[in-house]
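> give the three-dimensional model of this entry:
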Amino acid sequence: MPRRLRIHAPGGFYHATLRGNHQQAIFHTESDRRLLNAIVARCLDTYFVRLHAYCWMTNHLHLLVQVSDQPLASFMRQAASEFARAMQIKMSTTGHLFERRYHATLVDADSYLLELVRYIHLNPVRANIVPDPGLFAWSSHHVYVGARKEPWVTTDFVLREFSTDRARAVQAYRDFVRSVPTSDIGGELEQSVDRIGILGSDEFKRRMQCGASVPRQCQDLAALLQEASRRFGFDVATLRSPVRDPYLTKVRAWIAHQAVTRRIAPLAEVARSVGRNEATLREAMQKYPQEIE
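Numbering: from 1, shown residues only. Purely as a prediction, here's the structure:
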């Protein structure tokens with residue numbers, strides 16, 4: 001059977017799953033899952049990926065991620081290979097830990113984002129492991145309800161869909177998770193995924209199959225430079241100048257991050273617009289994370 005086409009949409013949301021080889025267990029101790037947490041957190045920074053939800057089941061993984069200008073495959077390969085190598089050393093084996101390829105679905109966030117977060121967090125309930133997602137330790141549900149802090153998980157984007165007030169948003173999220181019978185969760189999601197691996201409206205699928213990127217909040221990189229100019233008090237010419245001022249470096253990092261996460265432009269285009277190279281911008285984005293939120 002031919003491999004399914006991978007579609008890369010900068011700024012796009014993907015539901016990624018990865019299964020143990022022959023559906024065998026991936027984890028054997030709690031420390032194994034903690035190790036995966038550490039590896040995933042590090043790889044998120046390396047590839048500028050945002051993780052909006054996760055669930056580490058015994059023999060498979062669920063992730064809801066938002067990519068930058070780099071394809072999802074780069075992040076998935078790195079995280080999976082690092083964890084697999086660590087487990088091979090621990091178990092004194094050379095066999096495959098995971099199936100050779102992960103499964104990924106490009107998601108229309110406007111229509112399915114909340115449903116997908118609920119679907120991921122209710123995995124252990126559907127599997128009859130626990131009666132409530134709060135009783136399963138290894139998912140981002142705990143971060144959403146404020147029971148645990150994991151800075152590498154991004155919750156603000158989803159919670160703002162419920163309310164701009166965080167307390168109200170958390171309660172609305174709780175109600176949403178409980179609002180339908182567990183047996184009904186996932187049916188529409190699974191039936192709506194087409195053979196290419198896109199979950200969304202017909203129009204969204206058409207755009208993705210034609211190679212278009214996901215909808216952008218702003219189509220013009222020049223407008224983003226003007227926004228940065230007003231926000232930080234620099235004219236655009238200064239932003240593009242060869243001046244190596246530390247504060248200007250932070251501003252350029254902010255521009256790069258906004259361009260990628262708001263789907264305005266890939267990093268290579270941003271680099272050209274501010275007179276820098278990609279490597280320089282990546283380094284700045286890693287060095288000044290607090291300035292690019």
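
> just say helix, strand or coil for H62.
In terms of secondary structure, H62 is strand; the call rests on DSSP: H, G, I helix; E, B strand; the rest coil.

> one more: M76?
Reducing the assignment at M76 to three states with three-state DSSP gives helix.

> in the stretch 101-250 of the chain, which spans are strands?
Secondary structure of the stretch 101-250 of the chain (DSSP state E, counting those that start in this stretch): strands at 103-107, 198-199.

> okay, now the unreliable bits of the stretch 151-293 of the chain?
Applying pLDDT under 70 to the stretch 151-293 of the chain flags the ranges 181-196, 209-219, 263, 289-293.

> so can I have a markdown table of the strands of the stretch 101-250 of the chain showing distance to N123 and mean neighbour count?
Using the backbone N, CA and C atoms, a C-beta is placed for each residue, glycine as well. Below are the strands of the stretch 101-250 of the chain laid out as a markdown table (distance: least, C-beta to C-beta, whole Å; neighbours: other C-beta atoms under 10 Å):
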| stretch | distance to N123 | mean neighbour count |
| --- | --- | --- |
| strand 103-107 | 14 | 23 |
| strand 198-199 | 16 | 23 |
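
> pull the contacting residues for the residue sitting nearest the centre point of the chain.
Averaging the C-alpha coordinates of the chain gives a centre point, and the residue nearest to it by C-alpha atoms, centre = their mean is V65 (1.9 Å). Listed by C-beta atoms under 8 Å, 6 or more residues apart in numbering, the contact set of V65 reads 13-14, 16, 49-52, 72, 75.

> so which of those residues is the most crowded?
Using other C-beta atoms under 10 Å as the neighbour test, the contacts of V65 are led by Y14, with 26 neighbours.

> and that residue, helix, strand or coil?
Secondary structure, three-state DSSP: Y14 is strand.

> hey, what's it bridged with?
When bridges are assigned using DSSP bridges, the partners listed for Y14 are V65, L106.

> how close does Q24 get to A79?
For Q24, the distance to A79 under the criterion C-beta to C-beta, to the nearest Å works out to 19 Å.

> likewise Q258?
Q258 sits 25 Å away from A79 when distances are taken as C-beta to C-beta.

> these two: which is more packed in?
Shown here are Q258 and A79; by other C-beta under 10 Å, A79 has more neighbours (25 against 20).

> tell me the contacts of the more buried one?
Contacts for A79 were tallied using C-beta under 8 Å, 6+ apart; they are 36, 39-40, 43.

> repeat the analysis, applying 10 Å as the threshold.
Residues touching A79, when contacts are defined by C-beta atoms under 10 Å, 6 or more residues apart in numbering, comprise 16, 18, 36, 39-44, 46-47, 49, 61, 63, 102.

> which parts of the chain belong to which domain?
As assigned by automatic domain parsing, the chain contains the domains 13-209, 221-291.

> ok so, going back, got JSON lines for the contacts of V65, with pLDDT and distance to Y144 too?
As requested, these are exported to JSON lines (pLDDT from 0 to 100; distance: C-beta to C-beta, whole Å):
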{"residue": "F13", "pLDDT": "92", "distance to Y144": "16"}
{"residue": "Y14", "pLDDT": "94", "distance to Y144": "19"}
{"residue": "A16", "pLDDT": "93", "distance to Y144": "19"}
{"residue": "V49", "pLDDT": "91", "distance to Y144": "19"}
{"residue": "R50", "pLDDT": "92", "distance to Y144": "15"}
{"residue": "L51", "pLDDT": "96", "distance to Y144": "12"}
{"residue": "H52", "pLDDT": "96", "distance to Y144": "10"}
{"residue": "L72", "pLDDT": "91", "distance to Y144": "22"}
{"residue": "F75", "pLDDT": "93", "distance to Y144": "22"}
